[in-house]
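# predicted model, plus sequence, below.
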Amino acid sequence: MARPPRKARSKSAGASAGTESTANAAAIRSRLDGVDWSKVQADLDAQGWAVLPKLLRHAEADLIAGLYHQEQGFRSHVIMARHGFGRGEYKYFNYPLPPLIQALRTAAYPHLVPIANQWHERMGKEVRFPPDHVAFLERCRRAGQTRPTPLLLEYAPEDYNCLHRDLYGEHVFPLQIAILLDRPGEDFEGGEFVMTEQRPRMQTRAMVLPLGKGDAAIFAVNSRPMKGTRGDYQVKLNHGVSALRSGKRHTVGVIFHDAA
């Protein structure tokens, strides 16, 4: 069952939301520091994705989803059908990012760097990632990748997102995060987060990630290592969203490399 539309925010409400967002950013950093990252790595190594349950409280999810129809704070608005990406729309945030998004990006990155570097080593890639996100963004900037990539997506009935990879230039951090901002089965029906994995000389494997409101999916952007009988080899992954049957669905995506 679809919930009532969110009310428009007044200027004073917007200021209050900004203060609230800043306060929640500190809480999110603390939550990320408390995650069992060894389990996250084990899940990522085993299947290419991991779920952090309830990374966002419902109020925080509503706060982010409520940004979608604001005029300010975004650098571009993409109608997916115009580009053959699917059906639905999304907006890329502009710098400076909202405090909650900035906190998610900068606080999660250091925990993911050891996994990213280990994956690159196992896949025989020479690139290694610095421990600090600012240093990685500076690497992107020198290569002409200066546009922020965190984005907010909105789906209505019959909308979907084709399988894809979020590659925006030469420098690609191999992991990204998507957080569901609505309640499946209550705010919307359908709209499952789907991933596929293509192993050499094998048929494609499909996976549906079990997400609730506020849950974060961490997943491979492009490829991941897999252990074989003759050592590690590389498998390719895509992600997308199945068709929504009813309601509205919002997701915030946190990608760690910037775009050219």
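That came through fine.

# now residue 145. Its backbone dihedrals?
Per-residue torsions, residue 145: phi -90, psi 90 (degrees, to the nearest 10).

# what about it, how many residues nearby?
Neighbourhood size, residue 145 [other C-beta atoms under 10 Å]: 19. Every C-beta, even on glycine, is put in place using the N, C-alpha and C of the backbone.

# quick one: it and residue 73, what's the gap?
As judged by C-beta to C-beta, to the nearest Å, residue 145 and residue 73 stand 20 Å apart.

# in the longest strand anywhere in the chain, what counts as buried?
The residue-count maximum for a strand in the chain (DSSP state E) belongs to strand 231-241. Neighbour-count burial for strand 231-241 flags 234-241 (criterion: 16 or more other C-beta atoms under 10 Å).

# over to stretch 145-164?
145, 147-157, 159-161.

# try stretch 162-181
166, 168-169, 171-181.

# so which of those comes closest to residue 31?
Relative to residue 31, the closest of those is residue 179; by C-beta to C-beta it sits at 12.0 Å.

# what's the helix or strand for the closest one?
strand 175-180 (DSSP states H and E).

# gap between that strand and the chain center?
Averaged C-alpha coordinates place strand 175-180 at 2 Å from its chain's average position (C-alpha atoms, centre = their mean, to the nearest Å).

# that strand vs strand 231-241, what angle?
Angle, strand 175-180 to strand 231-241, by axes from the mean of the first three to the mean of the last three C-alpha atoms, to 10 degrees: 30 degrees.

# quick one: strands adjacent to the following helix or strand past the longest strand of the chain?
Where DSSP H and E defines the elements, the next helix or strand beyond strand 231-241 is strand 244-247. Its sheet considered, strand 244-247 pairs with strand 188-190 (antiparallel) by DSSP bridges.

# contacts for the partner strand?
2, 155, 182, 242-249 (C-beta atoms under 8 Å, 6 or more residues apart in numbering).
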